[in-house]
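the following comprises the amino acid sequence and a computationally predicted model.
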Amino acid sequence: MRLTADLCQSELFNIQINDSDNLQQAEKSYLRAEAISKVYGLTLEDILNVSPKFWQMHTDPIMSIDGAASTLLTIQYNLVVGTLGMFVGERKDLEPLLQDLVEYKTIGHFCLTEVGHGLNALYLQTTATLQSDGTFDLHTPNDQAGKYMPPTIPVLGRPCIALVFAQLIVEGEHRGLRPFIVTINDGYCMSPGIKAKLLPRRSGAHPVNHAITSFNHVRLPSTAILGNLKKPSSLHIHFLLSIIRVSVGTLALSSIALSVLQIASHIAYHYSIRRTIYKHDGSEINILSFRTQQIPVFTAVAQSYVLQAFTKHSINYFMDQSLDPRSRHGVATIYKAVCLQHSQSSQLELSERCGAQGLFGYNQIITQYSNIQGVAIAEGDILVLTIRLVSELCIGRYSLPQTSNPDSLLAKHEASIFEECQAIAKQYGHRSKEFSSYVLPKCRSVVEAMGHRIAYDAAVADEVPQTLIDIYMCHVIKLDLAWYIEKGLLTRAQFTHMEAEAFDKAIPLMHDWVEQMDVESYIKAPIVSDDRWAKFVKSLYCYDDVKNASHVVDTNIESTSNVSVENMTIPTSSNTSEASINNKI
């Protein structure tokens with residue numbers, strides 16, 4: 001049984017999808033984040049050392065129940081506590097603040113990117129100017145320099161601080177970016193000189209009180225700066241070191257996609273067993289009997305098992321301090337690309353295969369998809385990360401782990417398409433027009449191919465059931481089947497037979513594999529059983545012939561087309577009765 005199974009069944013996690021009060025929902029997300037943190041009881045050492053417990057929390061299925069809560073929790077612990085903790089050795093005065101953040105007595109946020117400066121954060125415009133008395137003047141010079149998205153709105157009556165990245169200016173000289181500790185609000189009111197403009201809710205996702213935050217000559221104490229006043233020899237490297245926890249977040253936040261896939265595939269599987277249709281002879285058959293339903297459902301289950309192995313191996317590689325840090329971050333980028341690729345595509349297809357039911361947030365799948373869209377952007381946009389990775393690998397700055405299964409189809413595919421990119425880089429240079437035209441558009445698919453191979457190797461090493469590995473392999477081969485045919489490794493007929501054979505073997509074993517994912521406690525969707533559906537329908541607000549009287553449209557009010565409601569008629573044929581219309585509905 002998972003650590004948070006009981007917590008997920010508590011009233012706090014009874015999420016009302018249709019609640020119109022976004023701020024109230026956002027506040028509940030803070031409480032859910034705090035509740036998860038208390039279950040795991042992470043210490044400052046756990047966070048700074050990125051302990052197994054830290055990774056376990058991020059892969060816990062409860063992180064996928066409320067996307068807002070998981071966002072807030074990873075900001076608080078990984079970005080804020082993790083960054084502050086890097087300075088605690090030389091700044092003992094930070095210890096009380098760090099403890100309050102760990103215990104959620106204080107809320108922490110990370111103000112890095114600006115409205116006009118996203119991934120090119122090195123060129124942020126927010127300034128922190130050293131004053132003659134040793135204090136700093138923090139200022140937002142224009143609208144494009146407003147800090148974008150951090151949820152700095154007062155909540156829960158708890159004080160909120162933020163690490164605000166700004167250009168350090170000393171005696172008129174720009175000395176690079178530094179993080180500054182800024183008291184944003186006291187839980188009720190914003191601090192003087194600080195404004196936060198609440199953004200509208202992200203469509204479909206659990207609401208976070210995202211805002212655009214600006215500073216009007218806010219005076220900060222001398223202790224607000226993290227680091228020293230010296231101009232570093234390399235502004236770029238110094239900046240990358242100051243945001244090192246972002247690379248941790250690339251891996252940690254992406255790992256939420258694992259539990260998202262497990263939950264979505266569990267829901268779709270049980271719905272497909274429950275949903276039946278009538279055959280011509282009058283007998284019933286569930287829709288999972290059809291191959292068209294099996295392919296997306298079984299594939300998502302296979303992806304869940306393979307990604308579980310991939311997650312473990314990626315974390316181990318990332319935590320190996322003996323390896324090149326660039327290579328470790330490269331694996332984090334590959335992991336993110338593959339996790340988000342599988343999670344996004346599978347959830348959309350599973351939502352569709354649940355028919356009309358898949359459109360509604362209360363059945364979890366489509367809401368999870370909306371939440372995971374934010375992960376694709378957070379801690380580095382996937383496309384930009386993959387462009388950087390492929391470019392650096394092509395010019396040989398560092399290398400990635402080699403395959404343990406060189407004869408596998410996925411290893412051959414990876415090697416071939418990377419060699420194509422590398423050849424263009426060698427011939428024209430990685431900053432050439434040719435490289436930009438021929439390689440950059442393919443960078444994401446190249447990185448995904450690398451990830452498919454690494455995930456396959458991890459699944460083989462962890463002894464994931466061969467049938468699930470075969471289903472996974474069929475899925476990723478199908479993404480670029482033309483290459484395998486072009487190279488003479490497969491024919492279309494051979495592939496069709498290989499795929500059919502894998503799914504046939506999976507049918508009698510799939511139920512056990514679904515249950516062994518152990519996510520039933522995290523399923524809120526009513527469509528997984530008749531009992532849950534009946535309870536859900538009973539809970540819905542009901543309009544009957546008595547209550548409808550209070551909702552009658554005033555027929556004296558004209559519509560925008562100047563047609564009175566009382567003059568509107570429903571055309572019917574001579575043989576159409578009211579009963580027949582109701583039956584069709």
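Everything's here; your move. The model shown is predicted, which means the values in this text are computed figures rather than measured ones. Residues are numbered from 1 along each chain as shown.

please name the bridge partners of the closest residue to Thr135 other than its chain neighbours.
Ranked by C-beta to C-beta, 6 or more residues apart in numbering and with sequence neighbours excluded, the top spatial neighbour of Thr135 is Arg219, at 5.5 Å. C-beta coordinates here come from the backbone N, C-alpha and C atoms, glycine included. Here Arg219 sits in beta bridges with Asp137, going by DSSP bridges.

separation between Arg219 and Arg291?
67 Å (C-beta to C-beta, to the nearest Å).

go on, Ile194?
The value you get for Ile194 to Arg291, if C-beta to C-beta is used, is 58 Å.

check Ser222 too.
Relative to Arg291, Ser222 is positioned 68 Å away (criterion: C-beta to C-beta).

just Ser242 next, same as before
Distance from Ser242 to Arg291, by C-beta to C-beta: 52 Å.

so Ala128 belongs to a strand, correct?
Yes. Assessed by DSSP: H, G, I helix; E, B strand; the rest coil, Ala128 belongs to a strand.

which residue packs closest to it, ignoring adjacent ones?
Take Ala128 and drop its neighbours on the chain: the residue closest to it by C-beta to C-beta, 6+ apart is Ala166, 4.0 Å away.

in three-state terms, how would the one you found be classified?
Per three-state DSSP, Ala166 ends up strand.

what about it, neighbour count?
Burial of Ala166 is recorded as 26 neighbouring residues (other C-beta atoms under 10 Å).

which residues does it form a beta bridge with?
Here Ala166, judged by DSSP bridges, has bridge partners Arg178.

residue contacts, His475?
299, 302-303 (C-beta atoms under 8 Å, 6 or more residues apart in numbering).

pick out the residue nearest the middle of this protein.
Val375 (2.7 Å; C-alpha atoms, centre = their mean).

give me the element it is part of.
If you go by DSSP states H and E, Val375 is part of helix 365-377.

contacting residues around that helix?
Contacts of helix 365-377 (C-beta under 8 Å, 6+ apart): 17, 64, 67-68, 70-71, 202-206, 253-254, 256-257, 260, 263-264, 267-268, 340, 343-344, 347-348, 350-351, 354, 358-361, 382, 525.

swap in stretch 240-254?
With contacts defined as C-beta under 8 Å, 6+ apart, stretch 240-254 is touched by 50, 54-55, 58, 70, 74, 78-79, 82-83, 86, 112, 121, 165, 177-179, 226-227, 314-315, 318, 328-329, 332-333, 335-336, 339-340, 375, 378-380, 385.

list only buried entries from those.
50, 54-55, 58, 70, 74, 78-79, 82-83, 86, 112, 165, 177-179, 226-227, 314-315, 318, 328-329, 332-333, 335-336, 339-340, 375, 378-380, 385 (16 or more other C-beta atoms under 10 Å).

so which of those are in strands?
165, 177-179 (DSSP state E).

now render those as CSV, adding distance to Tyr148 and pLDDT.
As requested, those are arranged in CSV below (distance: C-beta to C-beta, whole Å; pLDDT from 0 to 100):
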residue, distance to Tyr148, pLDDT
Phe165, 12, 96
Leu177, 16, 95
Arg178, 19, 96
Pro179, 17, 97
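
turn these into a markdown table, including distance to Ala449.
Listed next are those as a markdown table, based on distance: C-beta to C-beta, whole Å:
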| residue | distance to Ala449 |
| --- | --- |
| Phe165 | 34 |
| Leu177 | 35 |
| Arg178 | 39 |
| Pro179 | 36 |
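
what is the nearest of the residues you listed to Ile237?
Proximity of these to Ile237, judged by C-beta to C-beta, is greatest for Leu177, which lies at 11.7 Å.
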